[in-house]
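> Sequence first, then the predicted structure:
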Amino acid sequence: MAVYAVGDLQGCRVALERLLDALHFEPQRDRLWLVGDLVNRGPDSLGTLRLVRALGESCISVLGNHDLHLLAVWHGVRVVKSTDTFDEILGAADAAELLDWLRHRPLLHHDAGLGVSMSHAGLHPHWDLPTAQALAAEVEGILRSEQRQMLFDAMYADQPRCWDPALRGAERWRFAINAFTRMRYCRADGWMDFKHKGRPGTQPAELMPWFRVPGRRHAGLRIVFGHWSTVGAVDEHGVHALDAGCVWGGQLVALRLDDGRWQRIAVDCRHLREGG
C-alpha cells in the first residue's frame, strides 16, 4: 500500500486525475491525503468535490480556508466574492449532500503508524500534538453540530494573534481555525501575521515561517501542509510544504509518505484547464 499527500487542488479536477494516473493510484490498495482547499479559483470545483468524495475511505482530506469559506457562504453567513468560483457548486442538485460531506472533514489528521500529521496551513509553534488534536476536535465538533452557524459568524477576524490556553469561546475557535488554515509567518513569540504571503526572504525582519520559530513545541513531528504556494518545496526538519500553485499554472505535487524516501511526484499544470 502506498500513501501519498497531495497539495492544494482548488478546483483543478483534471490535474488531480492526471496525478492519480501518474501515481498508478488504486483506491482499493493505496491511500490519498489531501491538504485542503479542494475548491475555489480553479475551473471545476464541483467536479473536484464529486471526485474526492467518490474516492471514499481511500482518501482523507482536511479543511482549508477556501473550503470553510464555501461552507460559510452555503450557510448564509458570507456572500460570494467576485473572485470565488462557487456558483456551479451552489446550484448543483447534489449541493446539500456534497457540502454536508465537506463540513464533516477534519482540520487535522494524524497517523501514529506513519508518524505524520497533516493540516492545511500547519501547526502553531506553541502547540504540541495533543493540544493541536484537542483544538481540532473541539472545532470539528461545533462544525458538525447545529451550532455551526455560530462558528461561521465568529471566524472572520484576525484576532487574537497569540496562543493562550485560557482562550474561550469564539476567540479560541477563531485562533484555532486561523492557525490550521491561514497561518504563514509568525514572530518569535508566536504572534501570527496574516498580511505577508510572499516567499521567505520577502517578509519583514521580525517575521519568520511558522516552522522556523525557535523552540516550536512540535519539533520532531513530521508535518505535511499546503496553503502557501510561494514558500517553495520545503523539506526541512520533518516539515513538507506541498502547495506548488497548481491553480496558478504551477504543479500539483504528491509526496509519498510510507516508504521512508519522501519522494515527490508532480504533474505540470500550465496547460491543465477543462478540456485542455
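Now that the structure is in, tell me what you want to look at. The structure displayed is predicted, hence computed values, not measured ones.
> Can you give me the pLDDT of the spatially most central residue of the chain?
Nearest to the geometric centre of the chain sits residue 120, at 2.3 Å (C-alpha atoms, centre = their mean). Note for residue 120: predicted pLDDT of 98.
> Please name the spatially closest residue to residue 162 (chain neighbours excluded).
Excluding the flanking residues, the one nearest residue 162 by C-beta to C-beta, 6 or more residues apart in numbering is residue 191, at 5.2 Å. Any C-beta I mention is one placed from the backbone N, CA and C, and that applies to glycine too.
> Would you report the backbone torsion angles of residue 76?
Note on residue 76: backbone dihedrals following degrees, to the nearest 10 are phi 80, psi 10.
> what do you get for residue 61?
The phi/psi pair for residue 61 (degrees, to the nearest 10) is phi -130, psi 130.
> Same question for residue 111.
Main-chain torsions, residue 111, degrees, to the nearest 10: phi -110, psi 110.
> Who is it paired with across the strands?
Applying DSSP bridges to residue 111 gives these bridge partners: residue 116.
> That one and residue 98, how far apart?
26 Å (C-beta to C-beta, to the nearest Å).
> If you count surrounding residues, which of these two has more?
Neighbour totals were compared for residue 111 and residue 98, and residue 98 leads with 19 against 16 (other C-beta atoms under 10 Å).
> Am I right that the more buried one sits in a helix?
Yes. Looking at residue 98 with DSSP: H, G, I helix; E, B strand; the rest coil, it is inside a helix.
> Please determine how far the nearest residue to it once chain neighbours are set aside is located from residue 109.
Nearest residue to residue 98 in three dimensions, chain neighbours excluded: residue 49, at 5.0 Å (C-beta to C-beta, 6+ apart). Distance of residue 49 to residue 109, computed by C-beta to C-beta: 18 Å.
> More neighbours: those two, which one.
Higher neighbour count among residue 49 and residue 109: residue 49, with 28 against 20, using other C-beta under 10 Å.
> phi, psi of the more buried one?
Taking degrees, to the nearest 10 as the convention, residue 49 sits at phi -60, psi -50.
> and the gap between it and residue 116?
Residue 49 is 25 Å from residue 116, where distance means C-beta to C-beta.
> Equivalent analysis for residue 254, please.
Residue 254 sits at a distance of 14 Å from residue 116 (criterion: C-beta to C-beta).
> quick one: which of those two has more around it?
In terms of neighbours (other C-beta under 10 Å), residue 254 is the more surrounded of residue 254 and residue 116; the figures are 25 against 21.
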